[in-house]
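Trainee: have a look at this prediction, sequence included:
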Amino acid sequence: MEANISLSLKNFTQLENFGHSLRAPSYCFRLTCVEEVDKIFRLARENGLTVTVRGAGRSYNDASLNGGGIVLDMSAMNQILEWDPATGVVRCEPGVTIEKLWHQVEPDGWWPPVVSGTMKTTLGGCLSTNVHGKNNFKMGPIGEHVVEFTALLPTGEEITCTPKKNADLFYSMISGLGMLGVFTSITLQMKHVESGLLEVHAWPVHDLHEHLFLLLDKAPNYDYVVGWLDTMNGGKSLGRGQIHAANYLHGNEDPNPQKTMQLNSQILPPRIFGVFPKSNLYLFMRPFVNNLGWWGVNTAKYVASLRKHTFRQSHAAFHFLLDYVPNWELSAGRGGLIQYQSFLPKETAEYAWREMLTMSLRRGIPSYLGVTKRHRPDKFLLTHAVDGFSLAMDFKVTNKNRSTLSKMLQDFDRVVLNAGGRFYFAKNSETSAEAARTFLGTETITKFKELKKRCDPNHLLESDLYRRVFG
Amino acid sequence: MSNYPKPAASTPLNPRRRGIIVGASDGIGAALARRLAHEGFTLAVLARSEDKLDSLCNEINQAAHEQRARAYVHDVAEYEKVPGLLRKIVSDLGGLDVVVFVAGVNYPPGGIDKYNFENDRKMIEVNLIGGMAWLNPVAEMFQSAKAGQIVGIGSVAGDRGRVGNPGYNTSKAGLATYLEALRNRLTRHGVNVLTVKPGFVQTEMLKAAQGPTPFTIAPEKAVEDIWKAMQKRRQVIYTASIWRWIMLVIQHTPSFIFRRLSF
């Protein structure tokens, strides 16, 4: 099917980010084949417009937005081109989602080595932001499991990259925010699993020190580690929460692996108690998404987590928490929500987060979500990883809190940068060009811009994010 | 003209609204540009005179200490240039939230027994067809985006055909009807269309007026009313507001009386 490639105002669409906190009108084209990408580049060049590549639009910020320009929606280029159940190597078009990928590989005894917190993301998007999972400390970001990719550059050149071949582009296009070229195929190595279940251990933690200590301590012995942090309680119990650590099941630990690896034992139930459809659940969350309501929710969750326990859970249920309540991101209301995720070295994390969490409670703008993870550095050019931890916080945006929240996040930025921390370009929406320069370093930025000049001399590829941070 | 740097980024916590003002060289257009820039808008200002636009942009950008207004030299009667220019502006601004059509000319025939087709034609070409040339593609754009606001500056002169200036009355009546039709088309798509009907405003155009000019207001006062109406997403306003009542009376004056009057 040939998409209608012209700048007709009929193609002018209002696009949003994942948190529904930004809207940008663009000429949006949903492509079905690689040949059309080149046509779009020509159209952009002739009309003096810029192009942004968009996958599932699951970034919390402006990574897939291009106000007034062209957006290439890749979600229809979603074919799995080759799948070899013997080796676990899969070759996909860039619009294949994590969901489609695990549906393909799990019944054969494989699982994607790195997955995001939602399965709706596309592989192209995952590579552009170089996503990580709850196993970052062990498996690194998704880029480390890419065997090969092909891409089309705005110059018209088609390239193939592996960690050895065109290595500079391999390590910069992955994490490169779609600013160097457009992925046309992605080859990934899957991880062999012997069961569809994980053994999950849960521990309560009573303060921030214990929280970070447990993350650090448990990580070497587990495949996955993740923490929930109660962001609504300060004082002595600041940083309290719960740590979940999970291991794959091996050998005959799972009595019936054939059954647990089937899709129907993995797929998240669409109804609660088999009755209530979850697609409307977010509406019932709305009344609680305020300081008092969410304090109640967090406190109840903490009390429920005080019992140390172990249970078995399917891969899908463990990983895709964000898909558990569909449209949950709408529960924040009209202003939408933003996420602020900071990555801090293990030496400075406790001090910095104590300061930030205290600040947010004192100013009356607590985060409604706190998720902690353990990380290790990687070799990709625009990396966000550190040898330390990350803390993701969600904030509800309202007309009332905009300016105070903005000031607070600027203060957060200062604390994080002074502590040697980094930010993640799929998440934070307020990171300034100066902040990016501070944590990436001028050398990295110069290198990125040189690569950009080589791949995209006419600056055809630009997103709102690129203009904000590198423009 | 296109050497302006990219405007400041719009983020969830520091959102930027973007607007186009067609006809911003002076009067209501220039005053509205100053006001919207002050409210944080990033603006494209359009007019024929490059000098006037440049000094307006300089003034706005210096007051804001950042790039908030950019100039585009444009003659409203060059209809065929509109779609390309609109596309360029939307790309330069990074989006579009509001379009204000202020451009208008007034050439009174100079007496109740004088006729001047050339002048009438110019008024229709700028005031009415110019408005349609701009607002048609804008309407299409806003309809697909399911958001936006259109502001058209009509006039109390469009509410009734009077002896003094048939061409001007017709152009503004046509614009008001056109805006009403747009409103009826676009409200269902989440787009607001505001018709502003000023009385006498202290501008260059007022110099063309013959006879007394009661209830004359400064452009800043008119702009204050327009900005309030934009925020409330009103449909039709008069400025000064007293004109609503005056025009109510004038509109309901029976023809057998009205045709004997000489204003």
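Mentor: Alright, I've got the coordinates.
Trainee: show me the shaky parts of the chain.
Mentor: You didn't say which chain, so I picked chain A. For chain A, the stretches flagged by pLDDT under 70 are A:1-4, A:272-274.
Trainee: wrong one, I was asking about chain B
Mentor: For chain B, the ranges with pLDDT under 70 are B:1-3.
Trainee: residues of the stretch 1-150 of chain B that sit close to chain A?
Mentor: Contact residues, the stretch 1-150 of chain B versus chain A (CB under 8 Å from any CB of the partner chain): B:6, B:9-15, B:87-88, B:90-96, B:137, B:140-141, B:144-147. For every residue, glycine as well, the C-beta is placed using N, CA and C.
Trainee: longest helix in the chain, please.
Mentor: Picking chain A for this. helix A:402-418 (DSSP state H).
Trainee: let's do chain B instead
Mentor: helix B:166-186.
Trainee: and chain A, is that helix touching that?
Mentor: No - residues of helix B:166-186 are not located near chain A by CB under 8 Å from any CB, the shortest gap being 13.5 Å.
Trainee: run through the neighbouring helices and strands of that helix.
Mentor: Contacts defined by 3 or more CB pairs under 8 Å, 6 or more residues apart in numbering or on different chains; DSSP states H and E place helix B:166-186 against helix B:117-123, helix B:131-145, strand B:149-153, strand B:192-198.
Trainee: would you mind giving those as a markdown table with mean neighbour count added?
Mentor: Converted to a markdown table, these look like this (neighbours: other CB atoms under 10 Å in any protein chain shown):
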| stretch | mean neighbour count |
| --- | --- |
| helix B:117-123 | 16 |
| helix B:131-145 | 22 |
| strand B:149-153 | 24 |
| strand B:192-198 | 23 |
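Trainee: between the ones you listed, which one is closest to residue A:255.
Mentor: helix B:131-145 (55.6 Å; CB to CB).
Trainee: picking up where we left off before, filter the residues of the stretch 1-150 of chain B next to chain A down to the buried ones, PyMOL style.
Mentor: Remark: buried members of the residues of the stretch 1-150 of chain B next to chain A, expressed as a PyMOL selection using 16 or more other CB atoms under 10 Å in any protein chain shown:
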select buried, chain B and resi 9+10+11+12+13+15+87+88+90+91+92+93+94+95+96+137+140+141+144+145+147
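Trainee: from the residues of the stretch 1-150 of chain B next to chain A, which land in helices?
Mentor: B:87-88, B:90-93, B:137, B:140-141, B:144-145.
Trainee: what's the closest of these to residue A:165?
Mentor: residue B:91 (36.3 Å).
Trainee: would you mind measuring from the closest one to residue B:5?
Mentor: For residue B:91, the distance to residue B:5 equals 14 Å [CB to CB, to the nearest Å].
Trainee: who touches the residue nearest to the spatial centre of chain B in this structure?
Mentor: The residue lying closest to the centre of chain B (CA atoms, centre = their mean) is residue B:102, at 2.1 Å. When contacts are counted by CB atoms under 8 Å, 6 or more residues apart in numbering or on different chains, residue B:102 is found next to B:21-24, B:27-29, B:32, B:153.
Trainee: any idea how far it is from chain A?
Mentor: 22 Å (CB to the nearest CB, to the nearest Å).
Trainee: distance of that residue from residue A:329?
Mentor: From residue B:102 over to residue A:329 the distance is 40 Å, taken as CB to CB.
Trainee: chain center to the helix or strand encompassing residue B:70, what's the gap?
Mentor: In this assignment (DSSP states H and E), residue B:70 forms part of strand B:69-73. In this view, strand B:69-73 has its centroid 16 Å away from the chain centroid, taken as CA atoms, centre = their mean, to the nearest Å.
Trainee: then stretch A:222-232?
Mentor: Using CA atoms, centre = their mean, the mean C-alpha position of stretch A:222-232 is found 16 Å from that of the whole chain.
Trainee: and if you look at stretch A:9-25?
Mentor: 19 Å.
Trainee: around chain B, which positions in the stretch 351-471 of chain A sit nearby?
Mentor: So far as CB under 8 Å from any CB goes, the stretch 351-471 of chain A lies against chain B at A:397, A:402-403, A:405-406, A:409, A:429-430, A:464, A:467-468, A:471.
Trainee: if you rank those by neighbours, which is first?
Mentor: Counting neighbours by other CB atoms under 10 Å in any protein chain shown, residue A:464 leads these with 29 neighbours.
Trainee: which SS state does the closest residue to that residue other than its chain neighbours fall under?
Mentor: In space, and not counting its chain neighbours, residue A:464 is closest to residue A:62: 3.7 Å by CB to CB, 6 or more residues apart in numbering or on different chains. The three-state assignment at residue A:62 reads coil, by DSSP: H, G, I helix; E, B strand; the rest coil.
Trainee: now do residue A:62 against residue B:144, distance only.
Mentor: Noted for residue A:62: a distance of 20 Å to residue B:144, by CB to CB.
Trainee: likewise residue B:234?
Mentor: Residue B:234 is 24 Å from residue B:144, by CB to CB.
Trainee: residue B:70 too?
Mentor: For residue B:70, the distance to residue B:144 equals 24 Å [CB to CB].
Trainee: for residue A:311, grab phi and psi.
Mentor: Per-residue torsions, residue A:311: phi -150, psi 170 (degrees, to the nearest 10).
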